[in-house]
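Peer 1: just need the structure, nothing else, for what follows:
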Amino acid sequence: MSKVSAHYVSRQKFVLRLAKALLTFGAPSHRIESQLGSAGEILEMHVAFVHLPNLLMVTFLDSDTRTSETHFVRAGGRVALTALHKVHLVYRDVLHDKIGATEGCEQLKRILQARPLYDIWTRCLLAFFCASIICVLSFGGSIVDMFVSGLSASVLQYLGLNAAAKSSIYANVYEISVSIVVSFIARLLGTLPGNLFCYSAISSAGVVLILPGFTILISALELTSRNILCGSVRMVYAIIYTLFLGFGLTIGSDFYLLVNPKARHNLAATAMLDAETFHGFILDSNTSLPLSQLGGTFTFMETADSGTSHIIKGCYRNPSWPWYRQPFPWWTMLFLVPIYSMCSSVANLQAIRSVQLPIMVAFSCAAFAANKGANYLISDRGDIVSAFGALIIGLCGNTYSRVVGGTAFTSMVTGVLFLVPSAIGNGGGLIQNYNSSTAQYSSSFELGIRMIQVAIGVTIGLFVSQILVYALGRRKNAAHFAF
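Peer 2: Prediction:
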């Protein structure tokens, strides 16, 4: 009797520790209940789960004694790809009876207690490379813009991993303070005489690492999976978070213009670079319509839709400028996209010496190529364009999981995260021109709506790819570990 009781307690500990590991390492939240439910079913336990943001309520039911035991598992963290892959392997081995629940519990304990793969300085360096490359890929930055945005992202990463992690007071204002500093520096450089730097590219790429794109995607997936409570909470949080970022960027820009009034003249002169100004009179040549002579100064602006404008993704680029002030040519994507995908995977704590890393890079490049091709054909629909990229990466990831036996979610994360800044860059970046506080908040809401559109497109693409891959064949014994 004691052996049976000890075996039941070990299975109970395994389920609780598995729940903590999935919450800690950023598993797809709309799959957590099904993952744990499958574990409880295969381990022959009567258990029920209620999932709230960063919290799981686990209730073990005993039909013999008609009693129940409820545990609260609370954990919060960010995506850690290597640790999540190890957790999935342990989960699969226990459910397939390759190892026992006690051994699986010990392995999960070692994974939870392990130190991060990379130290803080390495992660700051990875943030530098990610922001630098995304500056030129998605936001039209030049080679001088990419270094400034990379340095801004490094400082952002350092503050997030060090100051915000140690001080709960600073953690509450971390995003706003960082966005204010980045926008202040970008406006300072963007209003220097000579137009060497682009404010839109630097400010957008400098804060792209803290955009809530992944949170909005998870919320859309939860709402699609009928998890209304978690999905709606995350969606509202992400929209308010976006307003905070937009507010911080606006405050930083306006504060510099307040400190240096001359910068407003430089900013106005920059806006007039793509215009033609004429002095003269309008003469009436039609006698049937009397018109008095009008004299003055007339300015004609080129619009972005005219095809002759020199404004590329919010940045003025005169063709006569030297190469280091121009956006990168298209063929540089052939090596910049794989480099960014590798840096993004490693920044999400993926081990360098692993088989999964080149697979992640390959899937991310395929998704970016599909996204770019769809944007060339349908340039004004961010949701449909994102759906094409998500469909491709969903087919790759689910096929890899079904045929090779790999982990679908970890192989797809890099490519899915790549779709959000790409779609935002196609829509004009984070910063839009505004003339009043109302227009400022409207611009922030538009950014949130754009991210929601992207998340909806990605959600549809991912679910369609699962239907295509798993429509035929035997049913999986364990819950599907993917988006």
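Peer 1: quick check: longest helix of this structure.
Peer 2: helix 437-470 (DSSP state H).
Peer 1: could you list the buried residues of that one?
Peer 2: Neighbour-count burial for helix 437-470, counted by 16 or more other C-beta atoms under 10 Å, picks out 440, 443-444, 447-448, 450-463, 465-466, 469-470. All C-beta atoms are positioned from the backbone trio N, CA, C, and that covers glycine.
Peer 1: likewise for stretch 149-165?
Peer 2: 149-161, 164.
Peer 1: give me the residues contacting it.
Peer 2: Stretch 149-165 is contacted by residues 120, 123-125, 127-132, 135, 141, 170-171, 174, 177-178, 181-182, 185-186, 201-202, 204-210 when judged by C-beta atoms under 8 Å, 6 or more residues apart in numbering.
Peer 1: just to revisit the earlier point, show the average pLDDT along the longest helix of the chain.
Peer 2: Taken as a whole, helix 437-470 has an average pLDDT of 77.
Peer 1: can you check stretch 166-179 too?
Peer 2: pLDDT averaged over stretch 166-179 gives 83.
Peer 1: low-confidence ranges, this structure, go.
Peer 2: Where the chain drops to pLDDT under 70, the residues are 1-6, 265-310, 313-314, 379-380, 421-444, 472-483.
Peer 1: what's the closest non-adjacent residue to the residue nearest to the spatial centre of it?
Peer 2: Centroid-nearest residue in the chain: residue 213, 3.9 Å away (criterion: C-alpha atoms, centre = their mean). Excluding the flanking residues, the one nearest residue 213 by C-beta to C-beta, 6 or more residues apart in numbering is residue 420, at 3.2 Å.
Peer 1: what helix or strand is the one you found on?
Peer 2: helix 408-426 (DSSP states H and E).
Peer 1: the residue nearest to the centre of the chain touches residue 453, doesn't it?
Peer 2: No: counting by C-beta atoms under 8 Å, residue 453 is not a contact partner of residue 213; they are 11.5 Å apart.
Peer 1: which residues of the stretch 1-150 of the chain fall in helices?
Peer 2: Under the criterion DSSP state H, counting those that start in this stretch, helices of the stretch 1-150 of the chain are mapped to 2-24, 29-42, 81-95, 101-113, 120-138, 143-158.
Peer 1: gap between the two ends of stretch 195-210?
Peer 2: 27 Å (C-alpha to C-alpha, to the nearest Å).
Peer 1: quick check: buried residues in that stretch?
Peer 2: So for stretch 195-210, counting by 16+ other C-beta under 10 Å, buried means 195, 197-210.
Peer 1: quick revisit: export the buried residues of stretch 149-165 as a markdown table, with columns for distance to residue 359.
Peer 2: As requested, the buried residues of stretch 149-165 are exported to a markdown table (distance: C-beta to C-beta, whole Å):
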| residue | distance to residue 359 |
| --- | --- |
| 149 | 29 |
| 150 | 26 |
| 151 | 31 |
| 152 | 31 |
| 153 | 26 |
| 154 | 28 |
| 155 | 32 |
| 156 | 29 |
| 157 | 25 |
| 158 | 30 |
| 159 | 32 |
| 160 | 28 |
| 161 | 27 |
| 164 | 32 |
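Peer 1: which among those gets closest to residue 243?
Peer 2: residue 156 (18.5 Å; C-beta to C-beta).
Peer 1: give me the nearest residue to residue 239, chain neighbours excluded.
Peer 2: Once flanking residues are discounted, residue 239 sits nearest to residue 448: 4.4 Å by C-beta to C-beta, 6+ apart.
Peer 1: what of residue 36?
Peer 2: The nearest residue in space to residue 36 (C-beta to C-beta, 6+ apart) is residue 49, at 5.3 Å.
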